[in-house]
Every structure is written in C-alpha cells, then in structure tokens.
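[1] sequence first, then the predicted structure:
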Amino acid sequence: AGSSLVRDLEDQGILPGDFVYVNIDTKIRFIITVVALLSRGYVVVPRITSDEQALEKLLETYDVRAVIHDGNSIQGFGPEISRVEWQGLTWSANQIVDDFGALPAPEAPAMIIFSSGTEGDRKGIVCTHRSLAATTLYLTQFMHLNEDIVEHVIAPVNHAFGFGRVRCVLAIGGTLVVDD
C-alpha cells in the first residue's frame, strides 16, 4: 500500500477522472478526503443513503471505481470495486495528497450533487470544477465573507449545502469548527 490516499487509489488503478464513492461518517475525515480527491481531479460521489436499492441505482448510473470508507458498512458494492479504508492518523495531512500536480480542467466533472427527491427519486447532478468554483466565489462575495469567519459546521457535509459552506470558508482562509 502507498503512503497516501492518492497513492493508494493509483496503486489500485484508480486515476483522476474516475468516480470515487466517499462513505465516511466523521465530518473532518469526509472534508479532508473530498478536498484531496477534488484537488487531484477525481469525481466525488458523496454518500447519500444506506438504502441498498438506491445504492444499486447509484452504481448503475455512475461508473464508481472505488469506495473510500472508515470501516462502516459498505454493502452493495461488488468485488470489482476497489476499497480504500481511511487510515486515520497514519495519513498525515500532507500524505493525503503527495503533491497537487496539474490542476483538473475547469470543465471536468468534480462532484455529484444529489437533489432532495421531493418530486420522486433523488437525481444526481454532475457539477464541474468551474461550477463549484463559481458558486463558491458568488457565495463568499454575496455574504461578504473574509478570513475572519469562524464557521461551526452543523449541516451534514455530504449534502450540497453543508459542503458548500465548507468550500466557502476554506476558499477564503477562514476557520472551520467541526464536531462529530
């Protein structure tokens, strides 16, 4: 096994542009993992459900190549899908990504954001790096955020609103307070 999250993925043939399902319960681990994956060009599919039927549909819709988990149940994924377990303190912050390398293309897929499902099934919306960056920029300007902000993250970070707030605070160098 490699010494970083990215190397562990690459050792299993999972490369930037591949869809990676993030099934992590703790907020801070989820945030670190998603930021690392986005920075290297992986397409993040955040956990949205423990419902096995919904999970099967997700697998049919997206070509998920790997699951990153923290020891929680990862039912519904066949043996052809790679699994990488969160290594906790054995991955230091600078080992999550060895080096940033080339940035992903602005129009490359970055993350799947899921609708609430109020009008039927939840639908996945593919967001590009450009759309995530534009939304982050707009929100930080609209709310007049600056590096003095201290954000207590209480919203679920695997949902668009919760992770959107995280992106805003990180983008301007603010402080996140995360409880799990």
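    Noted; the coordinates are in hand.
[2] mind checking which helix or strand of this protein has the lowest mean pLDDT?
    The helix or strand of the chain with the poorest confidence is helix 93-96; it has a mean of 48 (mean pLDDT, DSSP states H and E).
[3] need the phi and psi values for the residue nearest the centre of the chain.
    Centroid-nearest residue in the chain, with C-alpha atoms, centre = their mean: residue 34, separated by 3.1 Å. Here is the backbone geometry of residue 34 (degrees, to the nearest 10): phi -60, psi -40.
[4] kindly state the beta-bridge partners for the nearest residue to it once chain neighbours are set aside.
    Leaving aside its chain neighbours, residue 34 sits nearest to residue 44 (5.3 Å; criterion: C-beta to C-beta, 6 or more residues apart in numbering). C-beta coordinates here come from the backbone N, C-alpha and C atoms, glycine included. Note on residue 44: beta-bridge partners by DSSP bridges are residue 20, residue 111.
[5] how about the strands in this protein?
    Taking DSSP state E, the strands of the chain run over residues 19-23, 43-46, 64-69, 82-85, 109-114, 124-128, 150-153, 175-178.
[6] tilt between the fifth one and strand 64-69?
    What it means is strand 109-114. With axes from the mean of the first three to the mean of the last three C-alpha atoms, to 10 degrees defining the directions, strand 109-114 sits at 70 degrees from strand 64-69.
[7] identify all contacting residues around strand 109-114.
    17, 19, 34, 38, 43-46, 48, 62, 104, 122-129, 131-132, 159-160 (C-beta atoms under 8 Å, 6 or more residues apart in numbering).
[8] what is the rounded mean pLDDT of it?
    Here strand 109-114 scores 89 as its mean pLDDT.
[9] same question for the second one.
    Confidence over strand 43-46, taken as the mean pLDDT, stands at 91.
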